[in-house]
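Trainee: quick one: sequence plus predicted model below, questions after.
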Amino acid sequence: MKPGSPCPQPGSLPVDSGFDSLVELALDLRSSWNHAADTLWMRIDPGLWDLTHNPWVVLQTASQAGIQGLLKEENFRGTLDDLVKDRRRLAETSAWFGTAHAGSALSGVAYFSLEFMLAESLPIYAGGLGNVAGDQLKAAGEMGVPVFGVGLLYQQGYFRQMIDQSGWQQELFPYNDPGQLPITALRHENGEWLRLEIALPGYSVWLRTWQVRVGKLRLYLLDSNDAANFPAHRGITSELYGGGPELRLQQELILGIGGWRLLRALGCDPEIAHLNEGHAAFAILERARCFMEDHGVPFGDALAVTRAGNLFTSHTAVAAGFDRFDPKLMEQYLGHYAERQLGISMDQLMALGRRDPDDRSEPFSMAYMAVRGCAAVNGVSRLHGEVSRKLFSSVFPRWPCNEVPIGHVTNGVHMATWDSAAADELWTRACGKERWRGRAENLEEKMRGIPDQELWQFRIEARKSFVNYVRRKLTGQFAASGRSAQTVASAGKILDPNVLTLGFARRFAAYKRPNLLLQDRERLIRILNHPERPLQLVIAGKAHPLDGEGKRLIHEWQEFIRSPEVRGRAVFLSDYDMELTAQLVQGTDVWLNTPLRPWEACGTSGMKVLVNGGINLSVSDGWWEEAYTREAGWSLESGNAGGEHGAADAEPLYNLLEGQVLPEFYRRDHGGLPLAWIERMRESMALLTPRYSAGRAVRDYTERYYLPLAASYRSRAAEHGKAGAEISAWLRKIRSQWPGVRFGEVKWTTCGPRHSCEAVIYLTELDPDWVKVQIYAEPAGNGEPLIQEMTRGHEMAGSVGGYIFRAAVPAGRPVSDFTVRAIPSREGVGIPLEENSILWQH
């Protein structure tokens with residue numbers, strides 16, 4: 001198979017009966033953000049549609065006679081036919097990628113993720129990681145970037161949350177019936193289900209395969225709930241983020257090894273494997289194994305080729321967040337695979353995932369293997385890039401932290417998923433329907449032209465709609481948890497559509513400090529009940545089932561909300577999911593985020609309010625550290641991680657609410673408009689929404705990573721991996737000879753405005769073209785380090801591999817600030833990512 005073979009796209013359903021067209025629409029998750037077909041599903045079964053918003057369930061549950069009757073109606077059938085034509089037209093229309101990068105060598109990007117948040121009808125997500133994966137997949141499809149997803153289908157997914165009468169979180173695990181999910185089985189041409197066999201210790205696991213249509217793109221899923229498996233093995237893909245280390249290892253083996261084998265079975269050979277977190281890092285091994293099999297080369301040569309097309313995106317801000325596995329567990333599951341299929345020892349495999357490759361007691365880190373098996377690594381915000389360079393600095397010993405090879409692409413969100421219908425209309429009038437599918441040019445000016453009255457009326461209606469939603473949601477929530485009839489009835493009167501509404505919703509974990517507002521409860525009560533400038537709060541979030549501290553934080557909010565002084569001004573909405581998220585980001589005026597800096601890698605929830613006219617009030621962490629401007633939101637100074645800093649950080653939060661946020665919202669002109677608030681809202685929408693859209697993130701990934709990595713991979717893979725084999729041999733030579741490299745005499749002289757340096761270095765048997773010698777000085781203040789290449793002279797007479805290198809630098813700093821170093825060098829090889837040797841002058 002040629003490098004870069006694209007995945008085959010399933011053919012469109014034939015247009016013979018209207019029912020086939022309904023199936024085509026129902027199985028395309030584009031309907032989760034393009035709501036043009038909603039009226040059809042509402043006509044078929046309004047009650048079920050209102051409860052599920054799942055077209056596939058509606059279509060399967062309704063009577064065939066009823067559907068056939070609707071298909072005979074001219075208006076219904078006409079709308080259906082128009083929608084199908086529109087869908088197919090979009091599938092054939094050239095998008096941004098085809099126009100901007102016509103003739104590009106990129107034919108496929110396999111995006112691996114343990115979770116994907118695409119639609120409420122497909123609950124295979126838990127939170128932020130899945131949110132990013134789903135939004136980038138949607139945006140890539142709209143922009144024509146040839147991405148396809150690879151993930152797992154969970155029988156239960158992540159848990160559903162209920163708050164009991166005592167205010168404690170309870171977890172529920174409903175079963176995901178594949179027959180009611182918008183997925184279809186992958187089949188061979190003869191109709192047989194495409195199933196894969198993965199060897200685990202002492203047995204094989206059969207994996208069923210599925211596909212999900214997401215507009216132009218496909219998401220491929222694997223699950224172990226096959227009748228041929230032992231009962232315990234059928235449950236490997238039972239639950240997202242459940243079980244212990246062994247279950248997690250099994251899931252990650254299926255995702256990485258099984259995922260790459262699925263691509264092979266489909267005839268895909270993408271240039272790029274994009275690992276969304278380290279969970280999928282075993283794909284690095286399987287991709288190399290497949291190249292070994294196809295071209296008859298050893299593992300080292302295969303890895304030198306295939307890593308050129310691997311990209312690792314880390315979302316983790318603390319080392320404890322990386323998956324690590326005990327050496328004995330790794331030996332149990334991968335010993336046979338390493339020796340029989342990769343042709344390497346288990347020690348060699350383990351070295352890929354250890355900080356110290358020679359420490360046989362060190363656990364195996366998926367993140368370390370991802371770094372060592374990829375050609376590029378990135379964090380998910382500017383600040384997270386800096387944090388990640390520190391986190392991974394131990395993998396690059398003796399290298400300055402700012403040269404640790406980790407960049408960043410700040411996340412973005414798929415605006416069409418998170419905007420309200422009213423927001424969509426507002427943006428469409430100002431900027432057109434195609435606003436998120438290209439470079440989003442001129443959106444700022446167009447949005448700044450919207451009149452004050454129109455913007456304010458838009459927010460009034462949004463808040464009113466949200467309050468009505470909260471009342472309905474709480475009524476059902478109270479009834480389900482067994483609250484009293486009086487309490488259930490009170491839910492219909494809670495909140496006020498004219499009061500500033502602040503939202504806080506995320507995973508309840510200690511570092512996110514969801515209870516920072518509760519540090520001074522009496523003061524918060526006074527703020528909520530201010531006679532002229534009241535505030536109301538809407539809180540939501542889940543704690544991991546094993547996180548007792550997170551559950552306690554939820555219970556604290558429950559106690560506070562139930563106190564008589566608070567009722568009607570603060571609510572907690574249970575079962576924080578995709579549908580609830582959309583309602584929150586569309587309806588709240590201010591979005592609060594209070595993590596300990598720098599533990600929030602990015603934090604996309606605040607991005608979702610931008611398109612809806614919400615304003616951020618956040619700690620300067622994650623994306624907000626680079627996005628904040630005084631005109632578009634508020635920044636809260638925070639203590640750094642290492643302590644909770646609760647009382648110290650709560651005081652400025654209360655001051656900000658009382659002194660700036662609330663007065664600005666309630667300060668009105670003669671026409672009743674809060675002009676300063678509207679201006680801040682407009683600036684937030686115009687300036688920040690385009691910058692933090694998933695479309696911008698996809699463009700960044702495509703132009704900064706996918707395209708150059710694809711070219712590098714093709715170059716190394718050509719002629720059965722000839723270039724990769726040469727690089728592999730070069731790496732072996734460098735590693736064997738580098739311990740003998742040493743500096744001789746280093747002399748400095750100063751003449752006028754220049755320091756001149758002459759350094760002797762002995763390179764043993766290394767080709768002098770393989771080594772760079774540089775003058776180095778640490779950054780002065782907040783600047784960049786000084787790195788000056790030195791020029792090599794002839795080999796010294798009477799020496800073996802001895803050379804003199806010379807260079808000069810400005811004499812603005814003392815000679816003592818400078819040192820000399822040597823590093824390996826080869827065109828097309830990433831230094832220090834692929835080879836981290838470095839020698840410093842003593």
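Mentor: In hand now; what should we look at?
Trainee: please make it C-alpha for all contacts and neighbour counts, starting now.
Mentor: Will do.
Trainee: who touches the nearest residue to residue 185 once chain neighbours are set aside in this structure?
Mentor: Leaving out its chain neighbours, the residue that sits closest to residue 185 by CA to CA, 6 or more residues apart in numbering is residue 210, at 4.4 Å. Counting by CA atoms under 8 Å, 6 or more residues apart in numbering, residue 210 makes contact with 183, 184, 185, 186, 220, 221, 222.
Trainee: same question for residue 807.
Mentor: Contacts of residue 807 by CA under 8 Å, 6+ apart are 756, 757, 758, 775, 788, 789, 790, 791.
Trainee: pull out the buried members of the residues you listed.
Mentor: Of the members of the contacts of residue 807, the ones counted as buried by neighbours, 16 or more other CA atoms under 10 Å, are 756, 757, 758, 775, 789, 790.
Trainee: what's the closest of those residues to residue 618?
Mentor: residue 775 (41.9 Å; CA to CA).
Trainee: if I look at the nearest residue to that closest one once chain neighbours are set aside, how far off is residue 759?
Mentor: In space, and not counting its chain neighbours, residue 775 is closest to residue 820: 4.6 Å by CA to CA, 6+ apart. Applying CA to CA, to the nearest Å, the value for residue 820 to residue 759 is 8 Å.
Trainee: list the buried ones in the longest strand anywhere in the chain?
Mentor: Secondary structure assigned by DSSP state E gives strand 203-214 as the longest strand of the chain. Under the neighbour-count criterion of 16+ other CA under 10 Å, strand 203-214 has 205, 206, 207, 208, 209, 210, 211, 212, 213, 214 buried.
Trainee: same for the following helix or strand past that strand, what does it pack against?
Mentor: Using DSSP states H and E, the helix or strand that directly follows strand 203-214 along the chain is strand 217-223. Under the contact criterion of 3 or more CA pairs under 8 Å, 6 or more residues apart in numbering; DSSP states H and E, strand 217-223 touches helix 128-143, strand 147-152, strand 203-214.
Trainee: and the longest one, C-alpha only, in PDB?
Mentor: Provided in PDB are the C-alpha atoms of helix 128-143 (Å, rounded to 0.1, in the frame of the first residue of the first chain):
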ATOM      1  CA  GLY A 128     -12.800  18.600  28.000                       C
ATOM      2  CA  LEU A 129     -10.700  16.000  26.100                       C
ATOM      3  CA  GLY A 130     -13.700  14.700  24.200                       C
ATOM      4  CA  ASN A 131     -15.000  18.200  23.700                       C
ATOM      5  CA  VAL A 132     -11.800  19.200  21.900                       C
ATOM      6  CA  ALA A 133     -11.800  16.000  19.800                       C
ATOM      7  CA  GLY A 134     -15.400  16.400  18.700                       C
ATOM      8  CA  ASP A 135     -15.200  20.100  17.900                       C
ATOM      9  CA  GLN A 136     -12.000  19.700  15.900                       C
ATOM     10  CA  LEU A 137     -13.400  16.700  14.000                       C
ATOM     11  CA  LYS A 138     -16.500  18.800  13.100                       C
ATOM     12  CA  ALA A 139     -14.400  21.800  12.000                       C
ATOM     13  CA  ALA A 140     -12.000  19.700  10.000                       C
ATOM     14  CA  GLY A 141     -14.900  18.300   8.100                       C
ATOM     15  CA  GLU A 142     -16.400  21.700   7.300                       C
ATOM     16  CA  MET A 143     -13.000  23.000   6.200                       C
END
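Trainee: tilt between that helix and strand 147-152?
Mentor: For helix 128-143 against strand 147-152, the angle by axes from the mean of the first three to the mean of the last three CA atoms, to 10 degrees is 150 degrees.
Trainee: just the mean pLDDT for helix 128-143, thanks.
Mentor: Per-region confidence: helix 128-143 scores 95 on mean pLDDT.
Trainee: the residue nearest the centre of the chain and residue 697, how far apart?
Mentor: Geometric centre of the chain, nearest residue: residue 132, 3.6 Å, by CA atoms, centre = their mean. Using CA to CA, we find residue 132 at a distance of 10 Å from residue 697.
Trainee: intersection of neighbour lists for the two?
Mentor: Joint contacts of residue 132 and residue 697 (CA under 8 Å, 6+ apart) are 411, 412.
Trainee: buried residues in stretch 223-239?
Mentor: 223, 224, 225, 226, 229, 233, 234, 235, 236, 237, 238, 239.
Trainee: what strand or helix carries the fifth one?
Mentor: Right, the one you point to is residue 229. With DSSP H and E as the test, residue 229 turns up in no helix or strand.
Trainee: contacting residues for it?
Mentor: 204, 205, 206.
Trainee: what's the closest non-adjacent residue to the second one?
Mentor: Put plainly, it is residue 205. For residue 205, the spatially nearest residue (CA to CA, 6+ apart) is residue 198, at 5.2 Å.
Trainee: need the contact list for that neighbour.
Mentor: Counting by CA under 8 Å, 6+ apart, residue 198 has contacts 204, 205, 206, 207, 254, 258.
Trainee: then residue 149?
Mentor: Here residue 149 is in contact with 110, 111, 112, 113, 137, 218, 219, 220 (CA under 8 Å, 6+ apart).
Trainee: which one of those residues is nearest to residue 509?
Mentor: For the contacts of residue 149, with residue 509 as the reference and CA to CA as the criterion, the closest is residue 113, at 22.3 Å.
Trainee: okay, that closest one: pLDDT?
Mentor: Value listed for residue 113 in the pLDDT field: 98.
Trainee: isn't it up against residue 275?
Mentor: Yes. Counting by CA atoms under 8 Å, residue 275 is a contact partner of residue 113 at 6.7 Å.
Trainee: quick check: residue 233 touching residue 205?
Mentor: Yes. Because the distance of 6.9 Å satisfies CA under 8 Å, residue 233 is recorded as touching residue 205.
Trainee: the helix or strand where residue 809 lies pairs with which strands, and in what direction?
Mentor: Here residue 809 sits within strand 802-810, counting by DSSP H and E. According to DSSP bridges, strand 802-810 forms sheet pairs with strand 754-762 (antiparallel), strand 791-795 (antiparallel).
Trainee: related to what we said a few turns ago, turn the buried residues of stretch 223-239 into a markdown table, columns for pLDDT and secondary structure.
Mentor: Converted to a markdown table, the buried residues of stretch 223-239 look like this (pLDDT from 0 to 100; DSSP: H, G, I helix; E, B strand; the rest coil):
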| residue | pLDDT | secondary structure |
| --- | --- | --- |
| 223 | 96 | strand |
| 224 | 97 | coil |
| 225 | 96 | coil |
| 226 | 95 | coil |
| 229 | 95 | coil |
| 233 | 93 | helix |
| 234 | 94 | helix |
| 235 | 93 | coil |
| 236 | 95 | coil |
| 237 | 95 | coil |
| 238 | 93 | coil |
| 239 | 92 | strand |
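Trainee: what's the farthest-apart pair in those?
Mentor: 229 and 239 (16.9 Å).
Trainee: tell me the mean pLDDT for the top helix by length along the chain?
Mentor: The residue-count maximum for a helix in the chain (DSSP state H) belongs to helix 707-737. Averaged across helix 707-737, pLDDT comes to 97.
Trainee: same deal with stretch 431-451?
Mentor: On average, stretch 431-451 scores 84.
Trainee: show the end-to-end separation of that stretch, please.
Mentor: 14 Å.
Trainee: and what of stretch 29-37?
Mentor: 11 Å.
Trainee: what of stretch 408-420?
Mentor: 30 Å.
Trainee: repeat that for stretch 19-36.
Mentor: 17 Å.
Trainee: check stretch 759-777 too.
Mentor: 16 Å.
Trainee: equivalent analysis for stretch 523-538, please.
Mentor: Per CA to CA, the first residue of stretch 523-538 is 18 Å away from its last.
Trainee: likewise stretch 396-404?
Mentor: Note: stretch 396-404 ends 7 Å apart using CA to CA.
Trainee: quick one, what contacts the closest residue to residue 687 other than its chain neighbours?
Mentor: Using CA to CA, 6+ apart and skipping residues adjacent in sequence, the residue nearest residue 687 is residue 444, 5.7 Å away. By CA under 8 Å, 6+ apart, the contact list for residue 444 reads 686, 687, 690.
Trainee: I am finished for the moment; much appreciated.
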